[in-house]
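Student: Give me a 3D structure for the following:
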Amino acid sequence: MKTISIQDLGVASFPDAYARQRRSIEELQNGGGEEVMFLLEHPHVVTKGRNASDSALKASREHLARKNVVLVETDRGGDITYHGPGQLVGYPIIELEPGRRDIRRYVNDIEEVILRALTEFSIRARRDRVNRGVWVDDRKIASVGVRISRWVTSHGFALNVNTDLSFFSLIVPCGIPNCEMTSMSRELGRSLNMDDVKDVVVRNFCDVFDREPITVTAAKEAGSG
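Tutor: Numbering: from 1, shown residues only. Purely as a prediction, here's the structure:
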């Protein structure tokens with residue numbers, strides 16, 4: 001069984017987390033380094049994927065600045081999304097085995113991780129036949145946006161745990177008109193302990209991808225912005 005290092009970055013800016021991803025990708029592609037999954041919360045940021053349209057951003061750059069929201073263009077797939085405090089972001093950097101080298105399967109597997117984790121918190125969630133991510137009825141609770149280069153993965157998922165959902169009004173979430181976002185705390189009517197959610201997500205990730213976690217670092221401030 002392959003091992004994977006679980007690195008909890010605490011709160012990390014998007015540029016800092018992206019730089020960490022790039023270093024890990026290069027090391028893995030060059031035959032060194034280790035597989036890793038970064039777990040973190042971002043300060044307020046709107047990220048645009050390669051497929052994002054300008055119309056998906058509803059707020060002006062000036063309005064974003066007034067709300068301390070940074071706008072970033074990324075090299076992941078998908079459209080536009082929001083990251084912020086109370087949202088669990090996971091960036092797995094793994095090398096897909098020959099039998100898993102299919103981007104649709106990889107996205108399905110990431111969704112499966114989230115579905116299993118939510119089940120453990122008594123939240124009944126589902127996939128959508130058209131729109132990727134994880135849904136509770138018609139409300140989206142988790143987004144998935146990935147990149148695969150030479151069969152090494154990057155970017156990943158964002159699960160709304162205790163997220164302030166009002167920030168999604170700044171965008172057309174994932175480019176889906178009238179998309180209603182939700183969170184674990186909204187569905188359960190209470191706030192959740194983020195560390196508890198991380199533990200469940202990690203366990204299910206390792207089950208789905210047949211990995212053994214070898215390192216869990218203490219949460220700390222890893223950047224801001």
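
Student: Spell out the residue ranges of the helices in this protein.
Tutor: In the chain, the helices defined using DSSP state H lie at 14-29, 61-66, 103-120, 184-188, 194-209.

Student: Same list, the ones you listed, but as JSON lines with mean neighbour count please.
Tutor: To be clear about C-beta, it is placed using only N, CA and C from the backbone, and glycine gets the same treatment. Written out in JSON lines, the entries for those read as follows (neighbours: other CB atoms under 10 Å):
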{"stretch": "helix 14-29", "mean neighbour count": "17"}
{"stretch": "helix 61-66", "mean neighbour count": "12"}
{"stretch": "helix 103-120", "mean neighbour count": "19"}
{"stretch": "helix 184-188", "mean neighbour count": "18"}
{"stretch": "helix 194-209", "mean neighbour count": "18"}
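
Student: Of all those helices, which one is nearest Leu88?
Tutor: helix 194-209 (5.8 Å; CB to CB).

Student: what about the residue sitting furthest away from the middle of the chain, distance to Asp199?
Tutor: Relative to the C-alpha centroid of the chain, counting by CA atoms, centre = their mean, Glu62 is the outermost residue, at 26.1 Å. According to CB to CB, to the nearest Å, Glu62 stands 40 Å off from Asp199.

Student: Likewise for Ser149?
Tutor: The value you get for Ser149 to Asp199, if CB to CB is used, is 29 Å.

Student: now the lowest-mean-pLDDT helix or strand in the chain: how far from the chain's centre is it?
Tutor: Using mean pLDDT, DSSP states H and E, strand 211-216 stands out as the lowest-scoring helix or strand of the chain, at a mean of 86. From the chain centre to the centre of strand 211-216 is a distance of 19 Å (CA atoms, centre = their mean, to the nearest Å).

Student: Show me what the residue lying closest to Thr215 once chain neighbours are set aside is bridged to.
Tutor: Computed as CB to CB, 6 or more residues apart in numbering, the closest residue to Thr215 that is not its neighbour in sequence is Ser5, at 4.4 Å. Beta-bridge pairing for Ser5 (DSSP bridges): Val36, Thr215.

Student: list the contacts for Thr119?
Tutor: Ala125 (CB atoms under 8 Å, 6 or more residues apart in numbering).
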